[in-house]
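1. let's see this in three dimensions:
(one chain, ligands or ions: 1)
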Amino acid sequence: MSFSERYLPKKEDFDRLILCFSDIEMGSGGIMDDFPHSDFFAELLDKYNDSYFLGTHVDLVFNGDTFDLLKTDFQGKYPRHIDKTVALGKFFKVAAAHPQFFEGVRKFLEFDQKNRRAIFITGNHDFELLFPEVQRVIRSACGFENEILFPGLSYEFGKVRVEHGSQHDTMFALDEQHPFVEYDGKKILNIPWGSVALLDVIIPLKDHFFHLDRLKPKDKVLEALPEFKEWLVSRLWNYYTKDYLKDFLHSSDPLKKVKWSMLKEVIRRFYTLHADVSINMSMKEELEKSDQFSLYLIGHQHETGWWSFGNRKIIQTGCFRNEFMIEGPDHEISRINKNYVEVFMKGERVVRSRIEEVDNPPLPENYVPMNVSEYREVIRNLLKSFSEEQQKNSESKQRKNTEVESTL
Ligand SMILES: [Mn+2]
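-> Numbers count the residues shown, from 1 in each chain. Just a heads-up that it's a prediction; the model follows:
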């Protein structure tokens with residue numbers, strides 16, 4: 001279908017179109033990649049290379065978590081100390097798996113270079129975009145310099161404000177004043193405590209249950225896998241009492257800022273249905289208090305939303321990565337549609353905005369397990385090897401645990 005056939009504002013009624021995508025979460029390829037569909041994405045972008053848009057500004061906004069660098073390893077490990085070498089190493093792994101993404105962005109910009117830009121906003125899965133070295137690589141991969149922007153954690157177009165949303169999330173908010181810290185003579189990312197906990201404890205185990213992370217709703221997942229919570233709690237407790245406190249007491253690591261109450265929050269997030277409703281709450285308050293912006297675009301929560309206060313609104317894009325729904329007594333798995341947002345503007349003003357839902361691309365083979373209960377065995381084995389490991393260390397640990405418990 002061509003754009004002229006679609007219901008669009010008249011050309012004279014808008015001078016800018018914003019296309020906003022969030023949480024694409026491209027990984028390093030294969031079955032563990034949450035978005036192995038760069039070809040599909042490039043095809044979607046190509047629809048905007050239509051003569052209808054010639055002479056109109058079209059801004060392509062990646063509203064955070066475009067690249068899933070959080071879950072990408074560096075030389076087989078998931079270091080919490082991320083300097084430019086680690087950041088680049090992880091980025092190259094993702095880029096190598098997604099040449100069509102960069103090709104698609106290049107074609108999009110080339111179509112009407114003086115009117116087009118690609119804007120990469122940083123999310124909590126791609127803080128690495130803050131390194132100028134990583135930005136340089138992206139610019140060269142897309143073949144454009146000035147048309148590619150890295151504004152950091154947010155970007156504003158007149159009455160529109162775009163941000164990923166993680167800054168309103170206590171687990172993943174970055175210290176904007178100090179995004180980097182010095183450690184061991186290197187400039188490293190000052191990642192928030194939620195990221196530290198995930199990198200130290202959860203992500204190294206992603207090989208075992210990367211599928212689970214893509215399933216919704218969480219309470220159904222746990223209903224099918226009652227051992228999961230037990231496993232998670234013991235894993236975090238062991239991390240906290242053994243590795244974490246030892247390092248905390250005997251090192252000057254600037255990223256050691258996790259408390260047990262924070263880890264409890266990690267557990268709560270894993271086994272409750274709702275991620276963090278406080279994000280929407282604080283934004284809704286802002287919407288009513290101030291008329292500075294008439295449209296806020298956010299992502300991060302992997303749930304689509306639309307809230308309004310008169311002519312002001314918040315649109316939350318759902319994730320663009322693959323996610324699935326478990327339904328029915330047999331826990332059947334079905335796909336969740338992806339979406340993005342189109343915003344038509346005239347000058348500073350929003351003319352119209354809408355959420356565009358897209359058809360899902362075909363999945364690679366064996367991408368989704370037939371049945372969630374297949375995981376029971378995996379979790380049981382993990383728990384077994386974990387308790388064996390604990391047994392081995394029990395004597396020295398017992399003493400430490402007692403010390404720790406008395407400090408909690
Ligand atoms: Mn996020």
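2. contacts, neighbours, all on C-alpha from now
-> OK.
3. alpha carbons of stretch 43-55, in PDB - could you do that?
-> Provided in PDB are the C-alpha atoms of stretch 43-55 (Å, rounded to 0.1, in the frame of the first residue of the first chain):
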ATOM      1  CA  GLU A  43      11.800  -3.300   4.900                       C
ATOM      2  CA  LEU A  44       9.500  -1.400   7.200                       C
ATOM      3  CA  LEU A  45      11.800   1.600   7.100                       C
ATOM      4  CA  ASP A  46      11.900   1.400   3.300                       C
ATOM      5  CA  LYS A  47       8.100   2.100   3.200                       C
ATOM      6  CA  TYR A  48       9.000   5.600   4.200                       C
ATOM      7  CA  ASN A  49      11.300   6.000   1.300                       C
ATOM      8  CA  ASP A  50       8.200   7.200  -0.600                       C
ATOM      9  CA  SER A  51       8.000  10.300  -2.800                       C
ATOM     10  CA  TYR A  52       5.100  11.400  -0.600                       C
ATOM     11  CA  PHE A  53       7.600  12.400   2.100                       C
ATOM     12  CA  LEU A  54      10.100  14.200  -0.100                       C
ATOM     13  CA  GLY A  55      10.800  17.600   1.200                       C
END
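4. and it, which residues are buried?
-> 45, 48-49, 53 (16 or more other CA atoms under 10 Å).
5. nearest to Glu223 among those residues?
-> Comparing those against Glu223 with CA to CA picks out Leu45 as the nearest, at 39.3 Å.
6. chain center to the helix or strand where the closest one lies: distance?
-> Secondary-structure element containing Leu45, defined by DSSP states H and E: helix 38-46. Here the centre of helix 38-46 is set off from its chain's centre by 20 Å, with CA atoms, centre = their mean, to the nearest Å.
7. name the helices or strands packed onto that helix?
-> Counting contacts by 3 or more CA pairs under 8 Å, 6 or more residues apart in numbering; DSSP states H and E, helix 38-46 packs against helix 99-111.
8. for the strand or helix carrying Ser140, list every residue counted as buried.
-> For Ser140, the host element (DSSP H and E) is helix 132-142. Going by neighbour count (16+ other CA under 10 Å), the buried part of helix 132-142 is 134-135, 138-139, 141-142.
9. wait, is Arg354 part of a strand?
-> Yes: under DSSP: H, G, I helix; E, B strand; the rest coil, Arg354 sits within a strand.
10. coming back round to it: can the buried residues of stretch 43-55 go into CSV with extra columns for secondary structure?
-> Formatted as CSV, the buried residues of stretch 43-55 follow (three-state DSSP):
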residue, secondary structure
Leu45, helix
Tyr48, coil
Asn49, coil
Phe53, helix
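11. can you classify whatever residue of the stretch 101-250 of the chain ends up closest to the ion by secondary structure?
-> In the stretch 101-250 of the chain, the residue that lies nearest the ion is Asn124 (4.9 Å; CA to the ion). Following three-state DSSP, we place Asn124 in the coil state.
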